[in-house]
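S.K.: Attaching a predicted model along with its sequence, questions to come.
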Amino acid sequence: MDESLLSVGIDLGTTTTQIIFSSFQVQNIASAFSVPRVKILDKKIIYRSGIYFTPLINRNTIDVQKVREIIESEYKKAGISPKDVKAGAVIITGETARKENSEAVTKTMTGLAGDFVVATAGSDLESILAGRGCGAAEMSKKLLNKSIASVDIGGGTTNICVFKDGNPLDTTCLDIGGRQIIIEPQTLKLIYVAKKTAALAVKMGISLIEGRESSVRDLETICMRFADIIAESLELAKKTQDLELFYTAHPLKSSWDLDSLVFSGGVADFIYKDYNEKNLFPYGDIGVLLGKAIQKNPSLNSVKKLMPKETIRATVVGAGANSMDISGSTIAWSNSAVLPIQNIPIVKMTDDDEAQDYRFFAKRISEKLEWFKDENGAFSQVAIGFKGIHNPSFDFVKDIGKKILEGLAKYLETNNIIILIIDNDMAKSLGYSLMNALPNKKFIVIDNIVVENGDYIDIGVPLSQGRVIPVVVKTLIFGK
């Protein structure tokens, strides 16, 4: 039976707040006596909201009531009732995630969708979502083992994710964006200058003092330096101490031979298009100047620029809708009392992660879990997805179990549940191995289910006398 489902995506960013609604057609392709398996037949974005400046009471506080008013008004404009929405995502990104009352914003979303995936996205997860939304992840599948970097430049941050074969390999984030300097367009009086930007200006001998006037030349010089720093972070230019100042969290962990770049975010519109208007400050910030500086930067032009599917809407499209795939197979769990469990993000291991007899598997798990740390350094609950092998030997299962636990060591200091999602049929034997190694931990191991980075998973209570667990894989729709 075919069914049409509605989903909503809401992105509360440093500068802008925006909403999209998606519709997708699903069909149960399993037989009448099988666990349901739903296939996506069609998916499309059916409504895009206006783009609002994220309402703030002051620099450190989000105006929660106005955020809710914006969202409710967009529901009305779209002609959609919250009770009709079956899934969705609220993503709080950039500097908004650092606001004092960001948690209050997530709570006020209650009731605006049937089952939100609410996440205060850290910079790593935000980089991945933007890369999926702008199309970089999909483009990387066509590059024959070459890497592509998504560079999403918003108001407060520049989020970078390196993709290969559709998978995110590495991320970083810089405190560089179009609203690092806010300006009064007519007088060029500086309304706001971010601390790191002010420090860079002093080092460059440029005076940027709030309340005083600046000059177009000085602002252009700062933006050209920003473009250089972005190039340095991608190892397209020699690294300087200035780069260290602007890291939000950490640099790229490896050196990648980049084939191409895809720019997104609000600033990207001024990178791909020539801006010939006389007013260089249409939004009262340096977004236009930053885009023009990136457009002309020799180091960033040393690799190809590919056109994005989305620019300013990349993140909201990346998290804009959830599709479903339902399955069940051989399973293992330590305690069914932990079920049902909902909205668990996937950490998917790549072919490279599983190569060389899983030699670096533990290290790669540990590294990727860092993507899911919150602002306080605590790990979110995640599920580890990997291929595994068909018909594994006892020794292989025992060895892979040890590697998984080694990779999860820091994670297990604060999390009590292990969730593993495996492509191949080896869940039951791996579950027994974990039971012996970790008698005091809870675990769920499911196989014959394919997941990807950016997916969320729901796991229901066991059915059919415990022989089957219903699973919903909610895939972030990022195109069409």
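M.R.: Perfect, I can see it now.
S.K.: list the contacts for the residue nearest to Ile209 when sequence neighbours are not counted?
M.R.: Spatial nearest neighbour of Ile209, excluding adjacent residues (CB to CB, 6 or more residues apart in numbering): Leu190 at 6.6 Å. For glycine as for every other residue, the C-beta is placed from the backbone atoms N, C-alpha and C. Residues near Leu190 by CB atoms under 8 Å, 6 or more residues apart in numbering: 181-184, 208-214.
S.K.: Report the buried residues of whatever helix or strand Leu190 lives in.
M.R.: Using DSSP states H and E, Leu190 sits in strand 189-193. Under the neighbour-count criterion of 16 or more other CB atoms under 10 Å, strand 189-193 has 190, 193 buried.
S.K.: elements contacting the next helix or strand after that strand?
M.R.: Later in the chain than strand 189-193, the nearest helix or strand by DSSP H and E is helix 195-204. Judged by 3 or more CB pairs under 8 Å, 6 or more residues apart in numbering; DSSP states H and E, helix 195-204 is in contact with helix 216-233, helix 241-246.
S.K.: Relative to Asn391, which of those is closest?
M.R.: helix 216-233 (44.1 Å; CB to CB).
S.K.: residues of that closest one that come out buried?
M.R.: Quick answer for helix 216-233 (16+ other CB under 10 Å): 218-233.
S.K.: could you check the angle strand 189-193 makes with that helix?
M.R.: 20 degrees (axes from the mean of the first three to the mean of the last three CA atoms, to 10 degrees).
S.K.: Got the phi and psi for Gly407?
M.R.: Per-residue torsions, Gly407: phi -70, psi -30 (degrees, to the nearest 10).
S.K.: what about the residue nearest to it when sequence neighbours are not counted, how many neighbours?
M.R.: Spatially, and ignoring its direct neighbours in sequence, Gly407 is nearest to Ile365 (2.8 Å; CB to CB, 6+ apart). For Ile365, the neighbour count with other CB atoms under 10 Å is 22.
S.K.: I'd guessed Ile365 sits against Ile384; true?
M.R.: Yes. Contact between Ile365 and Ile384 holds when scored by CB atoms under 8 Å: they sit 6.4 Å apart.
S.K.: any shared contact partners between those two?
M.R.: With CB under 8 Å, 6+ apart as the test, Ile365 and Ile384 both reach 347, 349, 404, 408.
S.K.: my guess is the second one meets Glu367, correct?
M.R.: What that stands for is Met349. No. Assessed by CB under 8 Å, Met349 is found out of contact with Glu367, at 10.6 Å.
S.K.: neighbour count winner among those two?
M.R.: Met349 (20 against 16).
S.K.: how about the more buried one, phi and psi?
M.R.: Taking degrees, to the nearest 10 as the convention, Met349 sits at phi -80, psi 140.
S.K.: Thr311 now?
M.R.: Backbone torsions for Thr311, taken as degrees, to the nearest 10, come to phi -110, psi -90.
S.K.: Name the nearest residue to it, sequence neighbours excluded.
M.R.: Ala268 (4.1 Å).
S.K.: picking that back up, in strands, which of the contacts of Leu190 fall?
M.R.: 181-184 (DSSP state E).
S.K.: And those, which of them are buried?
M.R.: By 16+ other CB under 10 Å, the ones in strands among the contacts of Leu190 give 181-183 as buried.
S.K.: so how many other residues sit close to Val262?
M.R.: Residues contacting Val262 under the criterion other CB under 10 Å number 28.
S.K.: What of Asp259?
M.R.: So Asp259, with other CB under 10 Å, has 18 neighbours.
S.K.: can you tell me which residues contact it?
M.R.: Contact analysis of Asp259 by CB under 8 Å, 6+ apart lists 143, 146-148, 303-304.
S.K.: sec struct for it, please.
M.R.: When classified by DSSP: H, G, I helix; E, B strand; the rest coil, Asp259 comes out as strand.
S.K.: ok, now which ones touch Ala362?
M.R.: Ala362 neighbours (CB under 8 Å, 6+ apart): 403-404, 406-407.
S.K.: where does it land on pLDDT?
M.R.: Listed pLDDT for Ala362 reads 93.
S.K.: Wait, Ile19 touches Ser7, no?
M.R.: No. Assessed by CB under 8 Å, Ile19 is found out of contact with Ser7, at 11.4 Å.
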